[in-house]
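Student: Based on what follows, work out the 3D shape:
(chains A and B)
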Amino acid sequence: MSSHREAPEISKDPVADSTDLYAFVSPDNPSTVTIIANYIPLQAPAGGPNFFEFGDDVLYEIHIDNDNDAREDVTYQFRFHTQVLNANTFLYNTGPINALSDTTWNRRQSYTVTRVDHHNHRSEVLGSGLLCPPCNIGPLSTPHYDQLAAQAVHSLPGGRKVFAGQRAEGFYVDLGAVFDLGDLRPFANLHAFGNLPSANGVNATAKVNVHSIAIQVPKTDLTNGGATPTGQADPRAVVGIYTSASRQKVHMHRDDDHEGFGVGPWMQVSRLGNPLFNEVLVPMVKKDFWNATDPVNDQQFAGGVAHPELAGLLNVLYPGVFPNLAAYTKPRNDLLAILLTGIPPTVVPNFQNYTGPTQADLLRLNTAIAPTTSSPNPLGVVGGDLAGWPNGRRVFDDVFTIELRAIAGLTIPLVDPSFHPDGAASLVTDGLSFNNYLSTFPYLGVPYSGYAVPAA
Amino acid sequence: MDDLSRRSFLKRGSVAVAMAGAATAMPALTEVLSGPSAAETGAAASTEIPEGATLSEPVVAHLRDLTSGEVHLFVGSQQVVVNDPQLAHALFRATR
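Tutor: Predicted coordinates for the structure are as follows:
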């Protein structure tokens, strides 16, 4: 998946498991950038009585590099606190929840947002006691959920706004096909190990929820020195973004404290920049190490990008379909640029998101490129829409298909014009589209209710 | 920016907080943390605990190397490394 359960150890710790990261110039407020970091993957909506929530013992962060050294210059930190109002019931709610202030909502979570300016060594609490919405339980417990969740969009000083809570999963992928030896249903008849007929894709994440941390800030909150970029070619226009989750090094269970406690320094256990990076390009035995590593040290993972295992697998799984890719033995400088340094000027007309030679998995956003408000193309830059991935990432971008086609060789000519992509490189897909999003903050759709989507 | 990583920034910030708490609550540990210390001298830390001192937050010790006396202490959001063979041996004896 994008980064859901992508590493062996973090797959056992879902509250700290980052699943997707989005960053885009807000289409309805283009002087701002919206960043969304998702955690807690594959939530079955009916998963009560202890419904999903952030970890009180996890430090969630969104980091911004704005001076091209692959180190964070601005960090937004999120710490959560859970409160139980009625200690004498097993119920999540004891009646309908119509407002976040309703005492019928028994187990509630609030949070603090802190902005850290690493240049000035300054930390500012932007908001505290900010309520998350409850999970979407059903029409009797959480009627008018969209209105209830809207109450959890909080204004912060400086023209910022924030939301943290449950959302509908926005990432779409045919997991069942992908993990069944890459048997992409539209091309199943071409697969080496079977003779299944071709079919439409099946979205495995169509009815699951996720927990989102969404923050919208003025562009100048992110850029170097608070500058307003003069245009897409202005180096100050590009910022590199990643999210991380950290836990304290020691966790103890104590006889008199059944929740236990954490002690010691925070240690990063999950991170995410570009979708599918750790999932596809890092060997299994290094995935948790990758999660604990800062992006500035990503050069050690560049080999998996320069010679991606999946490119070789395509030739094995679909024999004869990718002959030009099979014959290509050079390092994949296209992927190295897209994922680890950003795309330099002149490679794509009127576009760049280059952050210098330091190789780091960062989601790079050119904040000076206007959002595409009319018929945006979910294939992003490779589809001719410069406002989509890998220029940041919008909630609806079809990152699986884009990356699959890139790995299949579609983007090699950007850096090696002598290469002619195979015809299949511009066609290969898992055959999905998806459209359950909002046009305004926090952009990801209303979560599915447990009543409407019972657990299978 | 300068070469101040997020972790070191957080650590510096948390050190101040942890030390402030430790200064009143755990003077013996404070001596270990800032002392001309057992870590440097190999001498045992002071065993004197001032009157009225209390342990206000958990302290966890991890005996990493019995031979060198390397002990990692976790308190608040801080990790302190002490090289004190006598302390290490005492901790080890307590587990036998």
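Student: contacts, neighbours, all on C-alpha from now
Tutor: OK.
Student: what's the burial count for the residue in chain B positioned nearest to chain A?
Tutor: Across chain B, the shortest distance to chain A (Cα to the nearest Cα) belongs to residue B:77, at 4.1 Å. If you count neighbours by other Cα atoms under 10 Å in any protein chain shown, residue B:77 ends up with 20.
Student: wait, it sits on residue A:250?
Tutor: No. Using Cα atoms under 8 Å, residue B:77 is not in contact with residue A:250; the gap is 9.8 Å.
Student: any residues in contact with both of these two?
Tutor: Taking Cα atoms under 8 Å, 6 or more residues apart in numbering or on different chains as the criterion, residue B:77 and residue A:250 both touch A:263, A:264.
Student: what's the burial count for residue A:343?
Tutor: 25.
Student: Run through the helices of the stretch 101-250 of chain A in chain order.
Tutor: Here the stretch 101-250 of chain A has its helices, by DSSP state H, counting those that start in this stretch, at A:145-150, A:175-178.
Student: Also the stretch 301-450 of chain A?
Tutor: With DSSP H, counting those that start in this stretch as the criterion, the stretch 301-450 of chain A has helices spanning A:302-306, A:309-317, A:323-327, A:333-336, A:399-405.
Student: just so I know, which of the ones you listed lies nearest chain B?
Tutor: helix A:302-306 (21.9 Å).
Student: okay, the helices of the stretch 101-250 of chain A in JSON lines with mean neighbour count, distance to residue A:52 and mean pLDDT next?
Tutor: As requested, the helices of the stretch 101-250 of chain A are arranged in JSON lines below (neighbours: other Cα atoms under 10 Å in any protein chain shown; distance: least, Cα to Cα, whole Å; pLDDT from 0 to 100):
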{"stretch": "helix A:145-150", "mean neighbour count": "18", "distance to residue A:52": "15", "mean pLDDT": "97"}
{"stretch": "helix A:175-178", "mean neighbour count": "16", "distance to residue A:52": "22", "mean pLDDT": "90"}
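Student: Identify whichever of those lies nearest to chain B.
Tutor: Nearest of the helices of the stretch 101-250 of chain A (Cα to the nearest Cα): helix A:145-150, 32.1 Å.
Student: what secondary structure does residue A:452 sit in?
Tutor: coil (DSSP: H, G, I helix; E, B strand; the rest coil).
Student: now it: how far from chain B?
Tutor: Using Cα to the nearest Cα, to the nearest Å, residue A:452 is found at 43 Å from chain B.
Student: likewise residue A:262?
Tutor: Residue A:262 is 8 Å from chain B, by Cα to the nearest Cα.
Student: does that residue sit in a helix or strand, and which one?
Tutor: strand A:257-272 (DSSP states H and E).
Student: Which other helices and strands does that strand contact?
Tutor: Applying 3 or more Cα pairs under 8 Å, 6 or more residues apart in numbering or on different chains; DSSP states H and E, we find strand A:257-272 packed against strand A:18-25, strand A:238-254, helix A:287-292, strand B:70-75, strand B:78-83.
Student: Determine whether any part of the longest one lies close to chain B.
Tutor: To tie it back to what came earlier, the one meant is strand A:238-254. Yes. Using Cα under 8 Å from any Cα of the partner chain, strand A:238-254 reaches chain B at A:248, A:250.
Student: Might you list the low-confidence residue ranges for the chain?
Tutor: Picked chain A for this. Counting by pLDDT under 70, chain A has low-confidence residues at A:1, A:455-456.
Student: that's the wrong chain, I wanted chain B
Tutor: Ranges of chain B meeting pLDDT under 70: B:1-47.
Student: mind listing what's buried in the strand holding residue A:262?
Tutor: The neighbour-count check on strand A:257-272 (16 or more other Cα atoms under 10 Å in any protein chain shown) flags A:262, A:263, A:264, A:265, A:266, A:267, A:268, A:269, A:270, A:271, A:272 as buried.
Student: With stretch A:289-302 instead?
Tutor: A:289, A:290, A:291, A:292, A:293, A:294, A:295, A:296, A:298, A:301, A:302.
Student: First-to-last residue distance for it?
Tutor: 14 Å (Cα to Cα, to the nearest Å).
Student: residues in contact with residue A:421?
Tutor: Residue A:421 neighbours (Cα under 8 Å, 6+ apart): A:324, A:325, A:408, A:409, A:410, A:412, A:413.
Student: Just send the residues you listed back as TSV, with distance to chain B and neighbour count too.
Tutor: Listed next are the contacts of residue A:421 as TSV, based on distance: Cα to the nearest Cα, whole Å; neighbours: other Cα atoms under 10 Å in any protein chain shown:
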residue	distance to chain B	neighbour count
A:324	43	16
A:325	40	22
A:408	36	27
A:409	36	27
A:410	37	24
A:412	34	22
A:413	35	15
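Student: which one among these gets closest to residue A:122?
Tutor: Nearest to residue A:122 out of the contacts of residue A:421 is residue A:412 (Cα to Cα; 42.9 Å).
Student: Nearest residue to the closest one in space, ignoring adjacent ones along the chain?
Tutor: residue A:334 (5.4 Å; Cα to Cα, 6 or more residues apart in numbering or on different chains).
Student: Dump stretch A:188-196 to CSV, restricted to CA.
Tutor: Provided in CSV are the C-alpha atoms of stretch A:188-196 (Å, rounded to 0.1, in the frame of the first residue of the first chain):
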residue,chain,number,x,y,z
ALA,A,188,-4.3,-10.7,-15.9
ASN,A,189,-4.5,-12.5,-19.2
LEU,A,190,-0.8,-11.5,-19.8
HIS,A,191,0.5,-12.7,-16.4
ALA,A,192,3.2,-15.4,-16.5
PHE,A,193,1.8,-17.5,-13.7
GLY,A,194,-1.9,-17.7,-14.6
ASN,A,195,-4.5,-17.5,-17.2
LEU,A,196,-7.2,-15.4,-15.5
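Student: Show me how far it is from its chain's centre.
Tutor: Distance of stretch A:188-196 from the chain centroid (Cα atoms, centre = their mean, to the nearest Å) equals 32 Å.
Student: What of stretch A:353-363?
Tutor: 17 Å.
Student: So what would you say the end-to-end distance of that stretch is?
Tutor: 10 Å.
Student: So it, near chain B or not?
Tutor: No. Judged by Cα under 8 Å from any Cα, stretch A:353-363 and chain B are separated, with a smallest distance of 14.4 Å.
Student: buried stuff in that stretch?
Tutor: Quick answer for stretch A:353-363 (16+ other Cα under 10 Å): A:353, A:354, A:355, A:356, A:358, A:359, A:360, A:361, A:362, A:363.
Student: Among the residues you listed, which ones are in strands?
Tutor: residue A:363 (DSSP state E).
Student: got CSV for the buried residues of stretch A:353-363, with distance to residue A:282 too?
Tutor: What follows is the buried residues of stretch A:353-363, written out as CSV (distance: Cα to Cα, whole Å):
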residue, distance to residue A:282
A:353, 23
A:354, 23
A:355, 22
A:356, 22
A:358, 18
A:359, 15
A:360, 13
A:361, 12
A:362, 15
A:363, 17
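Student: from the buried residues of stretch A:353-363, which single one is nearest residue A:171?
Tutor: Set against residue A:171, the nearest of the buried residues of stretch A:353-363 by Cα to Cα is residue A:363 (16.0 Å).
Student: Enumerate every residue touching residue A:22.
Tutor: So residue A:22 contacts A:34, A:35, A:36, A:37, A:392, A:393, A:394, A:395 (Cα under 8 Å, 6+ apart).
Student: Which one of those is nearest to chain B?
Tutor: residue A:37 (18.3 Å).
Student: Farthest pair within the buried residues of strand A:257-272?
Tutor: Maximum distance among the buried residues of strand A:257-272 (Cα to Cα): 24.7 Å, for A:263 and A:272.
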